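Visitor: Quick one, what's the 3D model for this:
(chains A and B)
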Amino acid sequence: MSKKEYTTEMGKTLAQKIWEDHVVRSAEGEPDLLYIDLQLIHEVTSAQAFDGLRLAGRKVRRPDLTIATEDHNTPTIDILKPIADPVSKLQIDTLRNNAKEFGIRIHSLGDADQGVVHVVGPQLGITQPGMTIVCGDSHTSTHGAFGAIAFGIGTSEVEHVLATQTLPSNRPKTMAINVEGTLKAGVTAKDIILAIIAKIGTGGGQGYIIEYRGSAIRALSMEGRMTICNMSIEAGARAGLIAPDQTTFDYIKGKPHAPEDWDAALAYWKSLYTDADAAFDVEINLDADELEPFVTWGTNPGQGLPLNAAVPNPADIADAEERGAAERALQYMGLEAGTPLKKIAIDTVFLGSCTNGRIEDLRAAASVIEGKKIAPKLRMLVVPGSERVRQQAMKEGLDKVFLDFGAEWRNAGCSMCLGMNPDQLAVGERSASTSNRNFEGRQGKGGRTHLVSPLVAAATAIRGTLSSPADL
Amino acid sequence: MEKFIKHVGSGVPLRRSNVDTDQIIPAVYLKRVTRSGFEDGLFSAWRNDPDFVLNQEAFKKGTILVAGPEFGTGSSREHAVWALQNYGFKVVISSRFADIFRGNSLKSGLLTVVLPQESVESLWVAIEANPNLEITVDLDSRTVSYSEVTVAFALDDYTRWRLMEGLDDIGLTLKQTDFIDAFEAKRPAYKPKTLPIRI
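Guide: Residues are numbered from 1 along each chain as shown, chains lettered A, B, ... in the order given. Sure, this is the predicted structure:
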């Protein structure tokens, strides 16, 4: 076995260390053959991969490093009835049949560990530091919060990993994003990542693995770190990660798949940090003290501003390409330049997704709305990230808080984040959404999306216009 | 996979940046369990607009999509590649592609060519002046040429070889099974397994 070694005397970044630990074979002029520790599977990007295996007479090399759940296309009401849409039903049935045929563990609708695939992995404790993790979903970057290299792949690569447990991959460059300081009250992990994407753009991370560093990152909970890493892809990055620390170890301890040989695992995990003398290809700095609640006004996640700002005037944008994009975005979003963002009226609030559908997100929103009433004519959908999150929330009485407020309390899934199931915006309908993409039509054809944190989502549901808890 | 050596066809100018995969094919079209039939979802939100470039008679025969920067951002759905291929596109040209989309396209035999933005602009102008303009994309020489113009593009030798030979990536990796076996033999025991199930 030959491993590519760095020729410099310098230390290594966290990403370089994990990468090198997974190189199965390295040859001049070829991509590294990378070993994959875990593949997560869902219904939308796997059917054609299993078909490919069948056609070629291949089997799944490591069913014990593979796990499936149903999330993208599943209903969030009446989940135990047959799925109404026959095409959706076929896709779910196909996953169930493939899991059975190839001996893969699956968590189906109704199971405690069903839910958004990126919520399920961490809650089971199978997402751990130093791993390589893939899934046919771009938000696989979420798992980087544990100090893992985790990235989204297409269906051809899903098939490749099923058959070989490896992936030929070109080594990405490394970028450090240093967030130093202390967040103000009401400013969250979501605001940090929206501010980062606004700063570096939707292509700013292209070709890089981002390592998020600094005191503001260290101070975040695991769930906050997952929110940050989740949206790395919205900056175009291959992956995003955060070095594991005591917060990480405490989170994994006691989870169902926490290592039995804890000490051996811990010893390895503690070696996973960027050496003091390592060099990143690029470094970017962000001052946490300066950050405000952030929202998007346009049709890509880089088109965001602090909530106190106004809709930008495209005429003020120097770059012609960006100016054109802003003009189109304002037209699609039905917004006038100069309008204060806080004056924008919202029809629907969506609380959920792999970005912000975990228990802390539900708690944060519930703390804002408790004892209050939803704005007239506004609808609010609360979709827990997993069935386990839903059960935990119900144990804490959060379901009652949301229902008393006037929100809908749903079952787990991707839901309105991508509008693949019936949870969609109507043409012209405007949402404040805790999800990750404000693309044209993302939440339903003609729908208009503003990306926000759970705190802003909650305050907005009370006031009916984009708001933060400080406005209440 | 079909071999890709050279393609000669006409172009379709898509003057938009940040065309994400939700715009290439929205999620509601992703429910099929086959690799075919996705052309009906291609750019579906824009297909209702009679002025949209794919609805213009002059560009109906185009097989080379020439798009603005940051093409294919967002979701990892390979359905975006299949939708373009199912519609009849063989090549997409842009000054910047999102990583996952690019990877998917090159695995599926849709050639994604990166040209400088100035070259993309010139190509747009040339196609709009003459929609029947013959464009040659030659993977052997790694060039795009039309009229008197020839522009070189970069593509790593390995990917080029794989595309030109039409090789099955999985088949190539399975030849390295000894390396995979050896790697697995050394993997630490504390690495997590999904089976047997622990609750």
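
Visitor: Hmm, B:Val113 and B:Ser95 touching each other?
Guide: No. In this structure, B:Ser95 is not within contact of B:Val113 by CB atoms under 8 Å, at 10.1 Å. C-beta coordinates here come from the backbone N, C-alpha and C atoms, glycine included.

Visitor: Looking at those two, which one has more neighbours?
Guide: B:Val113 (22 against 19; other CB atoms under 10 Å in any protein chain shown).

Visitor: just checking, that one is part of a strand?
Guide: Yes. Assessed with DSSP: H, G, I helix; E, B strand; the rest coil, B:Val113 lies in a strand.

Visitor: residue contacts, it?
Guide: Counting by CB atoms under 8 Å, 6 or more residues apart in numbering or on different chains, B:Val113 makes contact with B:91-94, B:137, B:144, B:153, B:155.

Visitor: separation between it and B:Thr34?
Guide: Relative to B:Thr34, B:Val113 is positioned 27 Å away (CB to CB, to the nearest Å).

Visitor: Near residue 102, how many other residues are there?
Guide: I'll assume chain A. Other residues close to A:Phe102 by other CB under 10 Å number 17.

Visitor: wrong one, chain B
Guide: 21.

Visitor: ditto for A:Pro86
Guide: 10.

Visitor: list the buried ones in stretch B:51-68?
Guide: Buried residues in stretch B:51-68, defined by neighbour count with 16 or more other CB atoms under 10 Å in any protein chain shown: B:53-54, B:59, B:62-68.

Visitor: correction: stretch A:440-449
Guide: Those would be A:440-445, A:447-449, for stretch A:440-449 by 16+ other CB under 10 Å.

Visitor: do stretch B:25-37 as well
Guide: So stretch B:25-37, judged by 16+ other CB under 10 Å, has buried residues B:25-33, B:35.

Visitor: By residue count, tell me the biggest helix in chain B.
Guide: helix B:117-129 (DSSP state H).

Visitor: Show me what that one is packed against.
Guide: strand B:11-14, strand B:64-67, strand B:91-94, strand B:143-146, strand B:149-152 (3 or more CB pairs under 8 Å, 6 or more residues apart in numbering or on different chains; DSSP states H and E).

Visitor: can the ones you listed go into JSON lines with extra columns for mean pLDDT?
Guide: Listed next are the helices and strands packed on helix B:117-129 as JSON lines, based on pLDDT from 0 to 100:
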{"stretch": "strand B:11-14", "mean pLDDT": "98"}
{"stretch": "strand B:64-67", "mean pLDDT": "98"}
{"stretch": "strand B:91-94", "mean pLDDT": "98"}
{"stretch": "strand B:143-146", "mean pLDDT": "98"}
{"stretch": "strand B:149-152", "mean pLDDT": "98"}
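
Visitor: closest one to A:Leu183 among those?
Guide: Counting by CB to CB, A:Leu183 lies closest to strand B:91-94 out of the helices and strands packed on helix B:117-129; the figure is 37.4 Å.

Visitor: what's the closest one in contact with?
Guide: B:7, B:9, B:11, B:63-71, B:84, B:105, B:110-115, B:120, B:123, B:137, B:144.

Visitor: change it to 6 Å
Guide: B:7, B:64-67, B:71, B:111-113, B:115, B:137 (CB atoms under 6 Å, 6 or more residues apart in numbering or on different chains).

Visitor: Which of the buried residues of stretch A:440-449 fall within strands?
Guide: In strands, judged by DSSP state E, the following of the buried residues of stretch A:440-449 are found: A:448-449.

Visitor: restrict the buried residues of stretch A:440-449 to contacts with chain B.
Guide: Checking these against chain B by CB under 6 Å from any CB of the partner chain, the ones in range are A:440-442.

Visitor: do you know how far the residue sitting nearest the centre point of chain B is from B:Asp20?
Guide: What sits nearest the mean C-alpha location of chain B, by CA atoms, centre = their mean, is B:Ser105, with 3.4 Å. The gap separating B:Ser105 from B:Asp20 is 15 Å, by CB to CB.

Visitor: One more: A:Ile133?
Guide: 23 Å.

Visitor: got the residues of chain B near chain A?
Guide: Going by CB under 6 Å from any CB, the residues of chain B near chain A are B:17-18, B:20, B:22-23, B:26-27, B:30-31, B:33, B:35, B:45, B:70, B:73, B:75-76, B:78, B:96, B:99-100, B:104, B:107, B:157-158, B:170, B:173, B:176, B:179-180, B:182-183, B:190-195, B:198-199.

Visitor: Dump the contacts of B:Val113 into CSV; add neighbour count as well.
Guide: Output for the contacts of B:Val113, formatted as CSV (neighbours: other CB atoms under 10 Å in any protein chain shown):
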residue, neighbour count
B:Val91, 22
B:Val92, 26
B:Ile93, 27
B:Ser94, 25
B:Val137, 24
B:Val144, 23
B:Phe153, 19
B:Leu155, 16
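
Visitor: what number of residues lie near A:Ser108?
Guide: Neighbours around A:Ser108, by other CB under 10 Å: 16.

Visitor: Could you check the pLDDT of it?
Guide: Per-residue pLDDT puts A:Ser108 at 97.

Visitor: Now do the contacts for it.
Guide: A:70, A:114.

Visitor: again, only using 7 Å
Guide: A:Ser108 sits next to A:70, A:96, A:114 when contact means CB atoms under 7 Å, 6 or more residues apart in numbering or on different chains.

Visitor: From those, keep the buried residues only.
Guide: Neighbour counting by 16+ other CB under 10 Å classes A:70, A:114 among these as buried.

Visitor: export the contacts of A:Ser108 to JSON lines and tack on distance to A:Ser26, secondary structure and pLDDT?
Guide: What follows is the contacts of A:Ser108, written out as JSON lines (distance: CB to CB, whole Å; DSSP: H, G, I helix; E, B strand; the rest coil; pLDDT from 0 to 100):
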{"residue": "A:Glu70", "distance to A:Ser26": "37", "secondary structure": "coil", "pLDDT": "97"}
{"residue": "A:Arg96", "distance to A:Ser26": "38", "secondary structure": "helix", "pLDDT": "98"}
{"residue": "A:Gln114", "distance to A:Ser26": "39", "secondary structure": "coil", "pLDDT": "97"}
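
Visitor: Run through the residues that contact the residue lying closest to A:Val187 once chain neighbours are set aside.
Guide: Among residues not flanking A:Val187 along the chain, A:Leu291 sits closest, at 5.1 Å (CB to CB, 6 or more residues apart in numbering or on different chains). The contact partners of A:Leu291, by CB under 7 Å, 6+ apart, come to A:183, A:187, A:191-192, A:195.

Visitor: Also B:Glu128?
Guide: B:Glu128 neighbours (CB under 7 Å, 6+ apart): B:Pro13.

Visitor: How about A:Gly413, nearest residue that isn't a chain neighbour?
Guide: A:Thr74 is the one closest to A:Gly413 (CB to CB, 6+ apart), at 4.5 Å.

Visitor: Phi, psi for that neighbour please.
Guide: In terms of degrees, to the nearest 10, the main-chain angles of A:Thr74 are phi -90, psi 150.

Visitor: That one: how many residues sit nearby?
Guide: 26.

Visitor: Return the residues in contact with it.
Guide: A:92, A:109, A:413, A:421.

Visitor: hang on, the second one packs against A:Ile79?
Guide: Yes. When contacts are counted by CB atoms under 7 Å, A:Leu109 is listed as touching A:Ile79 (4.7 Å).

Visitor: quick one, which of these two is more surrounded?
Guide: A count of neighbours by other CB under 10 Å puts A:Leu109 above the other of A:Leu109 and A:Ile79, at 22 against 18.

Visitor: how about that one, phi and psi?
Guide: Dihedral angles for A:Leu109 - degrees, to the nearest 10 - are phi -50, psi 130.

Visitor: Would you quantify the distance from it to chain B?
Guide: 16 Å (CB to the nearest CB, to the nearest Å).

Visitor: can you tell me which residues contact that residue?
Guide: A:70, A:74, A:79 are the contacts of A:Leu109 under CB under 7 Å, 6+ apart.

Visitor: This completes my enquiry, with thanks.
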